[in-house]
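Colleague: Quick one, what's the 3D model for this:
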Amino acid sequence: MTDIIKKLKINRSLGPVLFTFVISFLVLTISRIGLVIWQYNSISTKVSDSIGSDLTTSKPNAFTGHLSEIFFYGLRYDVSILCSLLTIAFLLSILCSYLKHIPKPLILIQRLYLTFALCVVVLTEITTPSFIIEYGVRPNHIFIEYLIYPKEVVSMLANGHIFESIGALVVISLVAYFYFKFTSKLFDDYKSPNFIANSALFFVTTLAVIIGIRGNITEHRPLNPSTASFSTSPLANSLPYNSLFNIFYAYRHMSDTEISSSDIYSFDIKDNVLNNLKYFSKRDTPSVVDKKCAINQIITPSVIPDKKRNVVIILEESFGARYVKSLGGDDIAPNHDALREEGWAFDRLYAIGHRSVRGIEAVTASYPPGPLASQVKLPHNKTIATYASIYKALGYNTSFIYGGESHFDGMRTYFYNNGVDNVIEQKDYENPQFVASWGVSDEDLFKKANESFVKWAATGQPFCSLIFTSSFHDPFDIPQGKVDIKGVKTDDPRRLTAAKYADYALGEYFKMAKKEDYYKNTVFLIIADHDSRVRGLDSFPLTNFAIPAIIISPDIKPRHDRRVVSQMDMLPTLLSLTGVKGEVPLAGQDLTKDNIIERAPVAYNELFGYLKDGKFTLLAPGNNSQLYQANEKNRITLLKKNLDRNDIKKEISYLNLGITIYENEYNNLECAKNLHQEIKE
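Modeller: Got it, this is the predicted structure:
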């Protein structure tokens, strides 16, 4: 290659950059070919060959017909990201060409940068298969978010992905060593053009790089991940672009508080959003609406207890409906199944997202899904209405109990700023029996929680607490010898064993709690934050959003609820069950009422979905929308593509509800008015 560069009389400094460009391009192309071959059988039957029609039918050979598109668009994505990555190197190389002798420090800088660029390309591609296995798509914003917490990530990789990690480290080390060594040959003295030719080359290269980055000349918008979408399968749609492009694109659109300036979603005006809230949740609203508290609803308790009830929310990490037999899942959660017969069990409840922070904001603050970052991560000028701030205002001792380090995802700040008195985390456990990558075991967690509840109950002050489990989290480190999954067919025994252990620990906690005095005066909510490994071959993996939820209370009779409901409905329901009365700025609805709106808003990566009356409306970036039929097993069938905006006005307003609440501070605790608890005389 070096001889070829010399023979072509390429600019003496531009040659190494072009060589790195070509090598990186080959890496991306080979990776794409490998991914297509690896996933061919699993996605080929999910791709429609009638894109653009109102009705689509899946055919086994449809995917094959799109192979040319995958590689054609792949070329554009690869050129775009490599031009972006190597822009500085391109320009620096041409500028250096004006020099008779390039200083050695400049050569060293270029060699280091070109080596770094190639390593970044290789690293993002070799980590792609593991990411696809876990999340069902190429690396995206989740990849970036995890990099913020190197300790947890390193621990997770070391304990659950040691062979993949070692392999990646070896490959990157070899690439870095040999390519850096090879670059010394690339910087041999090439024949340089004269001043005029060099200036022309500078102009042409700059123009080519700009066009390359944009990805097109004639189209109105620059290249983006949705440009090459051709399938109802998110994984298939992610094959054309490369992982580095997707990560970089996600990074560019991760602005938390300025999302309203983005053009990748359908936005709506505030008045429409607020007017359509009545179609989103069935709520009693004040006769006179305070414009500063526009989402307020009136809670009228369905239960008047004989004393203030304690409230304990158990948020189960990753515990989807697929792990509960009575919900059609595997027979590995006998304690969940047993508890479902002791309380108010929800059979068709959906998580709003596929990350823990989404589950936290929905359960603790009745917050809807949307393109904005989670409330857990966003800054707030004032205390917002959460389970903790509301019950604290009613005289409760409030807490958040976690087995890991609560700084993760900004949880500690979120809870302390919004009503929590006590945060218990990993450093507060003395001699835990087992410590995993994400903190102490669930058994240690529940033991600590039980001890705390006994202590707080002895003071006579009611308490309200959120327990957040972590044992059922990749890499699934759990105490050995506690559970086994004999007789259960699975291709992922480590994950399923961890799920069974999470259920085991939950059962052990209730054995302890039932022996304590506080148990008979406590309302328990057991609910998952999201499902494990949310992925799917449909346009939207709705099957992976079904989660279990149970409310156990001395004031309600056990029953099964078949209504379609959401995580974000839990907080208003808990308030109603504990005798709370007054106005609260919550967007969910009280499920103790009979005339609720059966619906479930959900979000997955950059997709927003709305399930109601067996129909599933899907909104995607670029003002794209589709309508699906959803069956009771949550499998969806495409009915119509490219819905008219007039047909989805309400869904667009629902997508914007969270943004509207945040930007206008409608969920401030100051909007909670006339709060009190009604107790039987």
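Colleague: CA only for contacts and neighbour counts going forward, please
Modeller: Will do.
Colleague: My guess is residue 299 contacts residue 578. True?
Modeller: No - between residue 299 and residue 578 there is no contact under Cα atoms under 8 Å: 10.9 Å.
Colleague: The two: which is more packed in?
Modeller: residue 578 (26 against 23; other Cα atoms under 10 Å).
Colleague: so how far is residue 409 from the residue nearest to the spatial centre of the chain?
Modeller: Residue closest to the mean C-alpha point of the chain, counted by Cα atoms, centre = their mean, is residue 355 at 3.9 Å. Distance of residue 355 to residue 409, computed by Cα to Cα, to the nearest Å: 10 Å.
Colleague: And residue 246, by the same measure?
Modeller: 22 Å.
Colleague: With residue 130 instead?
Modeller: Counting by Cα to Cα, the gap from residue 130 to residue 409 is 22 Å.
Colleague: more crowded one of these two?
Modeller: residue 409 (18 against 15).
Colleague: got the buried residues for the helix or strand hosting residue 388?
Modeller: Secondary structure from DSSP states H and E places residue 388 in helix 387-393. For helix 387-393, a neighbour-count test (16 or more other Cα atoms under 10 Å) marks 387, 388, 389, 390, 391, 392 as buried.
Colleague: which residue ranges form the helices in the stretch 301-450 of the chain?
Modeller: Counting by DSSP state H, counting those that start in this stretch, the stretch 301-450 of the chain has these helices, from start to end: 334-340, 356-365, 387-393, 411-417, 442-457.
Colleague: just the stretch 151-300 of the chain next, same as before
Modeller: 162-186, 195-214, 234-238, 243-252, 270-275, 277-280.
Colleague: Repeat that for the stretch 551-681 of the chain.
Modeller: Going by DSSP H, counting those that start in this stretch, the stretch 551-681 of the chain shows helices at 570-577, 649-655, 657-664.
Colleague: and the shortest one, average pLDDT?
Modeller: I take that to be helix 649-655. Mean pLDDT, helix 649-655: 93.
Colleague: Likewise for stretch 206-217?
Modeller: In this model, stretch 206-217 has a mean pLDDT of 77.
Colleague: Equivalent analysis for stretch 115-132, please.
Modeller: 91.
Colleague: Also stretch 574-581?
Modeller: Averaging pLDDT along stretch 574-581 yields 97.
Colleague: For that stretch, measure first residue to last.
Modeller: For stretch 574-581, the end-to-end distance is 11 Å (Cα to Cα).
Colleague: can you give me the offset of it from its chain's centre?
Modeller: In terms of Cα atoms, centre = their mean, to the nearest Å, the centre of stretch 574-581 is set 31 Å apart from its chain centre.
Colleague: now do stretch 634-654
Modeller: 22 Å.
Colleague: List the buried residues in that stretch.
Modeller: Neighbour counts over stretch 634-654 (16+ other Cα under 10 Å) mark 634, 636-641, 643, 648, 650-654 as buried.
Colleague: and if you look at stretch 501-512?
Modeller: 501, 502, 503, 504, 505, 506, 507, 508, 509, 510.
Colleague: Can you show me the CA trace of that stretch as CSV?
Modeller: C-alpha atoms of stretch 501-512 as CSV (Å, rounded to 0.1, in the frame of the first residue of the first chain):
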residue,chain,number,x,y,z
TYR,A,501,-32.8,-15.9,43.1
ALA,A,502,-34.4,-12.4,43.0
ASP,A,503,-37.8,-14.1,43.5
TYR,A,504,-36.3,-16.2,46.3
ALA,A,505,-35.0,-13.2,48.1
LEU,A,506,-38.3,-11.5,47.8
GLY,A,507,-40.0,-14.5,49.4
GLU,A,508,-37.5,-14.6,52.2
TYR,A,509,-38.2,-10.9,52.9
PHE,A,510,-42.0,-11.5,53.3
LYS,A,511,-41.3,-14.4,55.6
MET,A,512,-39.4,-12.0,57.8
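Colleague: contacting residues around that stretch?
Modeller: Stretch 501-512 is contacted by residues 332-336, 442-443, 446-447, 450, 471-472, 478, 482-483 when judged by Cα atoms under 8 Å, 6 or more residues apart in numbering.
Colleague: Among these, which one sits closest to residue 521?
Modeller: When the contacts of stretch 501-512 are compared for distance to residue 521 (Cα to Cα), residue 450 wins out at 14.0 Å.
Colleague: mind listing what the closest one touches?
Modeller: Residue 450 touches 509, 512, 513, counting by Cα under 8 Å, 6+ apart.
Colleague: and the first one, what are its phi and psi?
Modeller: I take that to be residue 509. Reported as degrees, to the nearest 10, the phi and psi values for residue 509 are phi -60, psi -50.
Colleague: Okay, it and residue 444: tell me how far apart.
Modeller: Distance from residue 509 to residue 444, by Cα to Cα: 10 Å.
Colleague: One more: the last one?
Modeller: When Cα to Cα is the yardstick, residue 513 and residue 444 sit 14 Å from each other.
Colleague: of the buried residues of stretch 634-654, closest to residue 370?
Modeller: residue 654 (8.2 Å).
Colleague: who's in contact with the closest one?
Modeller: Contacts of residue 654 by Cα under 8 Å, 6+ apart are 273, 276, 277, 280.
Colleague: Spatially nearest residue to the third one (excluding sequence neighbours)?
Modeller: Sequence neighbours aside, residue 654 is the residue nearest to residue 277 in space, at 7.5 Å (criterion: Cα to Cα, 6 or more residues apart in numbering).
Colleague: how near is that neighbour to residue 330?
Modeller: The value you get for residue 654 to residue 330, if Cα to Cα is used, is 34 Å.
Colleague: likewise residue 36?
Modeller: 31 Å.
Colleague: mind giving me the domain ranges of this structure?
Modeller: 2-252, 270-666 (automatic domain parsing).
Colleague: For those, which has the smallest mean pLDDT value?
Modeller: The bottom spot among the domains of the chain, by mean pLDDT, belongs to domain 2-252, with a mean of 75.
Colleague: Identify the residues contacting the closest residue to residue 356 other than its chain neighbours.
Modeller: Distance criterion Cα to Cα, 6+ apart; nearest residue to residue 356, sequence neighbours excluded, is residue 529 at 5.5 Å. Counting by Cα under 8 Å, 6+ apart, residue 529 makes contact with 315, 316, 317, 318, 319, 351, 354, 355, 356, 358, 359, 360.
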